[in-house]
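> sequence and predicted structure, then a few things I'm wondering about:
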Amino acid sequence: MKNIKKSLIATAISLTVLSSCKKLDLYPYDSIEVSTSFKTIKDAQSWDAGLYGILRSTAYGPYVVSQDVQADQLNASLDYGNRNGSPHRWGDSFLADDGAIVTAWSGYYFAIANINTALAGFDNISTTGTADAATLDKYRGDAYLARAYYYHNLIIRFAKPYESATAATDLGVPVLTKYDLNALPVRATVKQVYDQIISDITKAKTLLANTTGTQGSKTFTLDAVLALEARVRLHMQDWAGAYTAANTIITSNKYPLILNATTFKSYWATDGTVEDILQLNANNTTEAANTNNIYLGYLPGNGLFDPDFIPSKWVIDFYSSSDIRKSVYFDTKTVSISGNTVSGIILVNKFPGNPTLFTGASTNYAQAPKVFRVGEIYLIAAEAAAKAGNAANALAALNSLRVARGIGSVSSSGTSLIQDIKDERFRELAFEGFRLFDLKRYHEGFTRHDPQNLNIINIGANYNTLSVPADAAKFTWGLPTNDLIINKNLVQNPGW
Amino acid sequence: MKQKLLIFFLFGLFALSSAFAQNRKISGRVTGADDGQPLPGVSVMVEGTKIGSITGSDGEFSLSVPNDARRLVFTFIGFIKKDVPIPVSGRVGVKLASDNQQLNEVVVVGYGTGTKASNVVGQVATVSARDIENKPTANTFDALQGKVAGLQIFTSSGEPSAVSSVRINGSGSLSASSTPLYVLDGIPVDQNSILSLNPNDFENISVLKDASATSIYGARAANGVIYLTTKKGNANAPAQIDITSQYGISKLANLDFFTRFMNSQQFLDFRLASGQLTQTQVNTIKTTYPYNTQWYKTYYRNNQPTFQSTATVSGGGGKTSYYVSAGYFNQEGLAYRSKYERYTLRSNVTSVVNDWLQFGLNMAIGSDQRQTNPYTSNSTNRGLALLAAPYYSPVDANGNKYTYIPGWNRYNPEYLANETPSPTNQITFNPTGYIQLTPIKGLTIKSQAGLDAYDQRITTSRLPSYLGSLNNGSLGEGFIRSITRTITNTGEYKFNIRTKNHVTLLAGQESIDNTYTAFSGSSTGQTDDRLLLLNNGPTSIAVSSGKTEYAYHSLFGRVSYDFNSRYFVDASIRQDKSSRFGVNNRSATFWSVGGLYKISQENFLKNVTWLDDLSLRASTGSTGNSDFGVTNQNYLSYQTASTNTYNGGTGFSISTPGNPNLTWEKQQNTTFGFSASFFDRIRLDIAHYKRVTTNMLVSVPYQYVVGFSSVYNNVGKYQNTGWDVTLDFDVYKNRSKRAYITPYLNFTSNKDKVLSLFQGKDYWVQSGTGVAWVIGQPVSFVYPIFKDINSQTGLPEWYLPNATSPGMTRKDGSAITSTFSTAALQQNTGIRLNPKMTGGFGLNAGYQGFTLLAQFSYALGKNLINNDRYFFENPNQFVGYNQWATILDYWKQPGDVTTFPKYGVQFTQFDSRLIENANFMRLKVLTLGYNVPASILKKTNVIKGINIFLTGRNVFTVTKYTGPDPEVDSNLALGTNPNTKQYTVGLGLKF
């Protein structure tokens, strides 16, 4: 009897124990298997939203700031603490492994990997009804357009500017249109990359044909397709194509130019939408974007400012006093830099932070990123027309913008018209990440000069007097060494 | 599941097979030989049968025995086994002599009922309570630094809640975790749970090093096993009450780093001479800021209190023994908002229900409050705060603290800490219970279940009164629950074949699973310090949650055999399955074989009187590693998409590239060793090990172009070989005066070597770390190698690397450059990452009531990239920030032989100059104690013992390393919150 009891107890214990085992097929809770994520139109919607989430995370911050500190408009404050120091100083310490370069390269290619996955997966989604099919086509259009946008951002950074004579042989960037972890791609030529971009834009144009543009649209529209097309064709020196695309947007009159300083101020400070063809959604919890936070350095402790970078005096002087942009893009502040308290220093105030996006009492510099805005479109139209020899169309576009901004019209021609357009790009698009790649495209060098106050900035030949010849090697960024080491098919750019 | 059921069915059969008959009754009483007190719980068996009983609380027993029974065998743990003839009539009276030796030496490791320490085939080193108790740190392992050969312990931070990095016989893996498996009373636990336990509750800590000891733990044992056993009561002793309290202070362990900075005069002179400032600017600064501040005194506190106290009651009566303890620990860190406060409770109860059933239940609860300084290594609010120019001041002319330090433009660190209170409260729960059946003699069936569980409450707040965000506070409240369940069922059968052949068979099953859940909420916009709840913040309201799980299912078995306690062999096997790996690669089998030969038992050595013991050991076996060493490691085999949000809608993006073939990292560990003791004075143990790791879990580099720069794969081969040596000897002993002097010495010399990598590469530089894996070499630093400053040009010069294989070292004086490039100049510096040797030495001594313990630890061949110097010896890069006075030695004119180049050229680059020798020796523990003699205490009639002791921790440090702390266990150190030293006084009372 006793032993039977013992056995029963042993069996009872073991059965209790065995019933509580957890199985081995465990799946994550915060993510799903990609293989199961392309079943319904709702899945496609999620991939589409995901693409915009990635777009928002690659819009501002290092994706804009890095090239602007590398260009000629800014001086490094004494307190900049070597943040963005390497691109600013050029020279030996600016390496292909610099954070600025790796961030752009890896960020854009990560986005492309997602797009390639989504485009392949969309083909597995069976739609019921034409409405769903149309929706899925819209998502495809979004993906193609985003891919074109990323490849364009890559090609202007990592390859020589497009020149029709050499584009077929100049090295571009690797083009991947399928997700493949084990791919060992070669660098496509500049022409091949642009062909890919135009091909994607063309597909997007068809797929988004019914997605009409509106002011401040948070997703891609036909106008966004045109805006990217205008930008890309300008870089390709396809003047007619660039003009047509730009002029289509302008003549739609959907995005009127702002005429007064007050409206223009709120357009920047509080994320107004009047001139925006695409403005990405942001909030202060789940949808925060990167910030362009190098210009102010507000110190809540004493109400002073301690910026990383300060605009040079000649840059500010480039704007006339009637220019409504002057008081919006800049503001006069008292700075406290490395023990010096200096009043009357003019700082970049284009990205002061939108109070609805703050997470504290003072600014976190958060803004909803503007990806395409009509100011650039007028300048593309003007430049493309001027280059094509149509001065009248060029002046029409240029003067529309100039008059709106309060600096009156010009009636130049020939090279001085081209220069007027370049100057206007300088003024209108300052600190939005265009300057360096414009200089590169123009084949112009630069010399930094005339800072506001020598006592609060880093001085020397690497800093406030840096001189860079036209077509200097580091206008074209080097490929991150990580990829060169793993993929022997990749070739480094000269000078890195 | 099927196998497990089968095992239990077999157990059932065993139980049923025991038959018995009865004829006559025998009764008697068992008492202790020492004190004559009755002994309850003693096993009484009829020799050669399975008939037996257990003595009651009065030491009485009675049982029925067959007519042909001849002898009774009395066994009781802690006492020497005794057998007596059964009298024809009358009672049996038995006195059992205590065997403290045996009590201390039974080792229960690797499942089963345990073995005498001297008969363990595996390489196991044990540290007893005396070396663990009463150390002025919450971190149990810190005090073991330098105590056990092969056990490398580094504490990388001076935070009171820091845990140590622990390695056994080298780092077993290139990139997966090298942390051992911790087992607490049979239940695997996380090292962080051990922080929440009271070190004074540990009876001993065993370090399992070789395969013979670890393979039975299978897939998680590749880095060795640390087995912690908590104290138990003695069922045969009267209750004993112990109260120990300790109070002291903490200070910075080493000030050298902090006193290398320039003073105001030096700094301004330098800034003027280098052209950073004009004379006018210097004059302005001197007028505005006429101070000279040593900033470390602002950023680190001094003489902060540390206090701990433990009260225990232990004893037993009848069939039950108990150990109950309560503990309190409180230590302030030196950085602001750095603290650890812990309450612990433990209750260990064991009861022998009857002759075939016993159970035990250990309950441990720790509740702690921890805060760590939130300003990281590269924050100018702590880690890099010493960049502050010395002419600024944290106090105004009247000595009042500034809230906001003028010029430096940073808040006072104390103010920052007070305005951003962010306590974490953790409640750790470590219960384990078992039921053990002995249905027939020699057969033990045990079911054990335990938890390693904690709840953590994390608050992060910013008071509305904070000037940096006035009237706009913020609050985040987070909750984490982690529960690891372990259920183990074992059956063990011990039997003899012809008395001299001893066999133990063990079979078992184990299931481990973990569920981790977390959620948090936050809001901002609070306007009043007194109303700081989530609902007081109207803006930025956000919530989040998370959940992860993993599971292991295992089966294991072991055969142990010895002949005449002279030749020992054991073999083990274990099969593990885990949810962490790809569906097709979930299962793995591990095994070991080992042998022990006690040569001194041989007849030809019996006459060698000076040789007390000589044993040879050898083992080989496999173990696994399934700890990737990263937090998100449970689902890496799947290609997954995680979510983001766009315009209020859920978005997908690829979060893990996935690898369906992912499986265990495997290790083969082969060990040879011997132990010997001579002249009753000298004890020596030497072992040689070779650990070869294959199929390593490595985040293999991929191109950014494909979307992911790394994907986990099983690749490569890596080897650690070395020697563990332990020696201690009695220089002097005199039992009558209770006097002894026993020095000890131990060390491990370890050598690692990369044997193969991935993608056909012969080297791989881990981007941004300065560390490379080079085939045929130890894990090494790969950096540009600095030559010197050219005395003619004032420019720095570096050696050019071998262009095709930077894995080689090329120091060719004719191939140099002054153009720096991390990528283009990197080459193998020939400097190893992992220490060559770690160990310790010390002294135990006593005379009458006095005891002295001095415990030194050391590390040799340890190297560290001193990233602090990049900030503190780089005046062009960090203009206006204070620097070390060393930078004054810079080149000014041709012919100058200097440390630094001419001004205008970057003084310090990430090159071989920053790789510093971080060898160190620390007086880890120094304890002087005095036990008040029993003769005095007898008069009190109450107090049985008084112990007064002084303890110091990290009393002094010898190092050439110039950063804050050489003990940091990493490739690189920056802004370390350095280790602290403590001086304490303690009092222990026994009742």
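Right, received. Where do you want to start? Residues are numbered from 1 along each chain as shown, chains lettered A, B, ... in the order given.

> where do the helices sit along chain B?
In chain B, the helices defined using DSSP state H lie at B:2-17, B:100-105, B:191-195, B:211-214, B:264-273, B:279-288, B:296-299, B:413-419, B:603-606, B:822-825, B:868-872, B:934-937.

> deepest of those, which one?
Burial of these is given as mean neighbour count (mean count of other CB atoms under 10 Å in any protein chain shown); helix B:211-214 ranks first at a mean of 32. Where C-beta positions appear, they are placed from N, C-alpha and C, glycine not excepted.

> rewinding a little: redo the helices of chain B as CSV? Include distance to chain A.
As requested, these are arranged in CSV below (distance: least, CB to the nearest CB, whole Å):
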stretch, distance to chain A
helix B:2-17, 4
helix B:100-105, 28
helix B:191-195, 20
helix B:211-214, 23
helix B:264-273, 10
helix B:279-288, 6
helix B:296-299, 16
helix B:413-419, 10
helix B:603-606, 44
helix B:822-825, 5
helix B:868-872, 9
helix B:934-937, 47
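
> any idea which element the residue of the stretch 101-250 of chain A found nearest chain B lies in?
Across the stretch 101-250 of chain A, the shortest distance to chain B (CB to the nearest CB) belongs to A:Ala113, at 2.5 Å. Applying DSSP states H and E as the criterion places A:Ala113 in helix A:99-122.

> could you report the distance from B:Ile365 to chain A?
Applying CB to the nearest CB, to the nearest Å, the value for B:Ile365 to chain A is 22 Å.

> that residue reaches B:Leu451, doesn't it?
No. Counting by CB atoms under 8 Å, B:Ile365 stays clear of B:Leu451, with 11.2 Å between them.

> could you tell me which residues touch both of those two?
B:Phe429, B:Asn430 (CB atoms under 8 Å, 6 or more residues apart in numbering or on different chains).

> what sits against B:Ala388?
B:Ala388 neighbours (CB under 8 Å, 6+ apart): B:Thr293, B:Trp295, B:Thr380, B:Ile405, B:Trp408, B:Arg410, B:Tyr881, B:Asn882.

> now do the helices in the stretch 51-200 of chain A.
A:62-70, A:85-89, A:99-122, A:130-158, A:190-207 (DSSP state H, counting those that start in this stretch).

> the inter-axis angle of the helix holding A:Ala113 versus helix A:130-158?
160 degrees (axes from the mean of the first three to the mean of the last three CA atoms, to 10 degrees).

> ok so, going back, give me the subset of the contacts of B:Ala388 lying in strands.
Those of these mapping onto strands are B:Ile405, B:Arg410, per DSSP state E.

> contacts with chain A among the contacts of B:Ala388, please.
With CB under 8 Å from any CB of the partner chain as the criterion, the contacts of B:Ala388 include B:Arg410 near chain A.

> right, and the helices of the stretch 51-200 of chain A - which one's nearest B:Val706?
Closest to B:Val706 of those is helix A:99-122 (CB to CB; 6.5 Å).

> and that closest one, average pLDDT?
Average pLDDT, helix A:99-122: 97.

> show me what that helix is packed against.
helix A:41-57, helix A:62-70, helix A:130-158, strand B:649-656 (3 or more CB pairs under 8 Å, 6 or more residues apart in numbering or on different chains; DSSP states H and E).
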